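J.: Sequence isn't available, so here's the structure alone:
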């Protein structure tokens, strides 16, 4: 399935057709359910069936970037991500302190990362600048 949505369930065209037939709906309805544009009880059942019965895979968009793992001279262990738009994201692996730099090297944001979803949100933010 080709989509630009951040969160979706990747199903083949064959699976989409089978789901539409099983639930007596149009393929467009299945698409809307699999891309989380609909959250009705039927949409939830379609997503569940796609994953559990037909083996479709839940997906999450992650930005494409260069990722480096560096140890600085002062001993900090960093993950550095360089995005195509020139933005750089540095995260201290031990403390979770994250700094976002613009293409000129100026700090444009700081955050404390505690959980992985927070990192994904910060990566999406950096990619969108």
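T.: Thanks, I have it. A quick note: this is a predicted structure, and the numbers were derived from the prediction, not measured.
J.: any low-confidence regions in the chain?
T.: Applying pLDDT under 70 to the chain flags the ranges 1-5, 61-63.
J.: can you map out the strands along it?
T.: Using DSSP state E, the strands found in the chain span residues 7-10, 57-60, 65-71, 77-83, 88-92, 97-101, 107-112.
J.: which stretch among these comes nearest residue 36?
T.: Smallest distance to residue 36 across the strands of the chain (Cβ to Cβ): 5.4 Å, for strand 7-10. Bear in mind the C-beta positions are built from the backbone N, C-alpha and C, glycine included.
J.: Pretty sure residue 8 sits against residue 34.
T.: Yes: using Cβ atoms under 8 Å, residue 8 makes contact with residue 34 at a distance of 5.9 Å.
J.: how far away is residue 32 from residue 85?
T.: From residue 32 across to residue 85, the span is 30 Å (Cβ to Cβ, to the nearest Å).
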